[in-house]
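S.K.: take this sequence and fold it.
(one chain, ligands or ions: 1)
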Amino acid sequence: MTPDDAPIRFAILGAARIATKVGKAIQDANGAELSVIASRELSKAETWKQHHGARLAVEGYEEALRQPDIDAVYIPLPPSLHKEWTIKSAEAGKHVLCEKPTAMDAHEAREMLAVCKANGVQFMDGTMWPHTPRSQQMSQVLNHGTLGELRRVVSAFSIQMPDTPDQHRYIPELGGGALYDIGWYCVRASLWAFADVPTHVYASATYHRGVDNNATAILWFSDNRVASFDCGYDLTRRKWMEVVGESGNLVCDDFLSPWDIEKQRFWVHDQDGIATEIQSPSVVQEMCMVESFVQIIRSKELSEYWPQVSLDNQRVIDALMVSARTGNREEVK
Ligand SMILES: NC(=O)c1ccc[n+]([C@@H]2O[C@H](COP(=O)([O-])OP(=O)(O)OC[C@H]3O[C@@H](n4cnc5c(N)ncnc54)[C@H](OP(=O)(O)O)[C@@H]3O)[C@@H](O)[C@H]2O)c1
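M.R.: Okay, here's the model as predicted:
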């Protein structure tokens with residue numbers, strides 16, 4: 001094995017629920033290795049290590065960054081902590097895979113990305129679905145032209161989110177709220193399908209415990225292209241997307257994670273309602289994301305796309321959150 005083939009060694013900062021899935025993906029992915037699990041409490045890190053495997057369990061996120069054999073970190077902390085730990089990790093020379101939303105706002109996100117760039121480390125947010133073969137197949141359909149000019153994206157993500165005192169999604173200071181948390185994915189679907197950023201947005205939301213728990217949004221792009229979505233913590237589970245062209249449409253009823261890992265598919269409908277089902281490989285999307293991140297690090301050519309799309313996603317979320325409060329159509333800054 002040459003040094004270039006050596007696995008990228010990860011530390012996970014925080015024994016979060018999502019760290020269980022991504023930790024397994026790091027262990028299973030080509031070119032990655034799970035070295036360290038860090039928690040605010042050593043006992044929690046040790047328990048996590050016993051159940052999910054890691055070479056070392058440490059107390060405190062700083063301690064993980066002090067480990068000389070760590071190349072990259074995965075940050076599954078509440079959004080309010082993303083900026084601090086991305087910056088500390090980048091300054092310690094570690095590549096950063098940070099959960100979404102990138103930050104509390106685009107101002108913070110810009111600062112994080114600047115520090116990553118200055119330290120020569122890759123930044124990527126934890127949005128998984130764009131890294132799958134199915135997303136690549138859907139992109140090919142959208143770019144092929146069979147649907148005609150793309151004019152609409154309609155998407156939805158809703159779930160029942162238990163209202164427990166320790167759930168960071170209901171705590172404003174930790175970055176709670178449905179737009180940040182799950183509207184994020186619908187915004188990404190819109191940016192991805194149009195390969196563009198909207199100029200203006202509008203959102204209407206209801207609030208619970210000081211955070212938006214349900215929102216409906218409109219995103220206006222140039223050339224009369226419009227995206228709309230709804231997201232919420234108080235509805236049945238939905239995770240679908242439709243991209244509409246002048247002469248056909250693409251439908252995916254589980255774009256952000258397949259209902260059935262063995263049946264990863266989407267449909268293309270023509271003007272007469274004839275639907276073609278397109279099958280995609282059965283993959284674990286967490287692994288696709290980790291492998292995509294690792295490939296960039298190993299190539300030694302940092303990607304500008306992933307930091308930029310993460311920032312753009314955050315800019316749109318910022319404008320939606322302002323609009324939901326003011327009731328006005330807001331510019332994306
Ligand atoms: N990409 C995806 O598909 C996906 C899916 C789910 C969640 N997420 C994102 O991942 C992040 C974590 O979500 P989660 O549901 O896994 O969170 P979680 O289970 O609540 O875990 C968050 C972790 O952050 C650490 N932490 C540090 N300070 C904290 C504080 N003041 N309050 C609460 N926790 C604190 C804790 O780890 P220690 O106690 O061990 O230090 C805790 O276990 C969020 O940004 C979320 O949006 C992404």
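S.K.: interface residues of the chain facing the ligand?
M.R.: Taking Cβ under 6 Å from any ligand atom, the part of the chain that reaches the ligand is made up of 14-18, 39-40, 44, 76-79, 81, 99-100, 126, 128, 168, 174, 181. Bear in mind the C-beta positions are built from the backbone N, C-alpha and C, glycine included.
S.K.: so which of the residues you listed belong to strands?
M.R.: residue 39 (DSSP state E).
S.K.: are any of the residues of the chain next to the ligand buried, and which?
M.R.: If you count burial by 16 or more other Cβ atoms under 10 Å, the buried members of these come out as 14-16, 39, 44, 76-79, 81, 99-100, 126, 128, 168, 174, 181.
S.K.: shouldn't residue 7 be in contact with residue 29?
M.R.: No. At 9.1 Å, residue 7 does not count as touching residue 29 under the criterion of Cβ atoms under 8 Å.
S.K.: who has more neighbours out of these two?
M.R.: When residue 7 and residue 29 are compared on other Cβ atoms under 10 Å, the one with more neighbours turns out to be residue 29, at 25 against 17.
S.K.: run through the strands of the stretch 201-333 of the chain in chain order.
M.R.: 211-221, 225-232, 234-245, 248-252, 264-270, 275-280, 330-331 (DSSP state E, counting those that start in this stretch).
S.K.: just the pLDDT at residue 4, thanks.
M.R.: Model confidence at residue 4, given as pLDDT, is 71.
S.K.: count the residues that sit near residue 223.
M.R.: One way to gauge burial is a neighbour count; for residue 223, by other Cβ under 10 Å, it gives 9.
S.K.: not counting stretch 261-277 itself, show me its contacts.
M.R.: Stretch 261-277 has contacts (Cβ atoms under 8 Å, 6 or more residues apart in numbering) with 132, 134, 137-138, 141, 146-147, 247-252, 255, 258, 278-284.
S.K.: repeat the analysis, applying 10 Å as the threshold.
M.R.: When contacts are taken as Cβ atoms under 10 Å, 6 or more residues apart in numbering, the neighbours of stretch 261-277 outside the stretch itself are 132-135, 137-138, 141-142, 144, 146-148, 240-255, 257-259, 278-285.
S.K.: got the domain ranges for the chain?
M.R.: Dividing the chain into domains by automatic domain parsing, as the record does, gives the ranges 8-128, 130-287+315-331.
S.K.: endpoints of the last one, how far apart?
M.R.: Think domain 130-287+315-331. For domain 130-287+315-331, the first-to-last residue distance is 26 Å (Cα to Cα, to the nearest Å).
S.K.: pLDDT weak spots in the protein?
M.R.: Applying pLDDT under 70 to the predicted model, the residue ranges of the chain that meet it are 1-3.
S.K.: most distant residue from the centre of it?
M.R.: residue 272 (35.0 Å; Cα atoms, centre = their mean).
S.K.: what are the phi and psi values for that one?
M.R.: As for residue 272, its main-chain torsions (degrees, to the nearest 10) stand at phi -100, psi 10.
S.K.: if we can go back for a sec, give me whichever of the domains of the chain is most buried.
M.R.: The highest average neighbour count among the domains of the chain, using mean count of other Cβ atoms under 10 Å, belongs to domain 8-128 at a mean of 20.
S.K.: before we move on, the earlier item: mutual contacts of residue 7 and residue 29, please.
M.R.: Overlap of the contact sets of residue 7 and residue 29 (by Cβ under 10 Å, 6+ apart) consists of residue 294.
S.K.: indicate which one of the domains of the chain is closest to residue 293.
M.R.: Put simply, out of the domains of the chain the one that sits nearest residue 293 is domain 8-128, at 5.1 Å, with distance taken as Cβ to Cβ.
S.K.: OK, contacts around residue 119?
M.R.: Residue 119 makes contact with 87, 89-96 under the criterion Cβ under 10 Å, 6+ apart.
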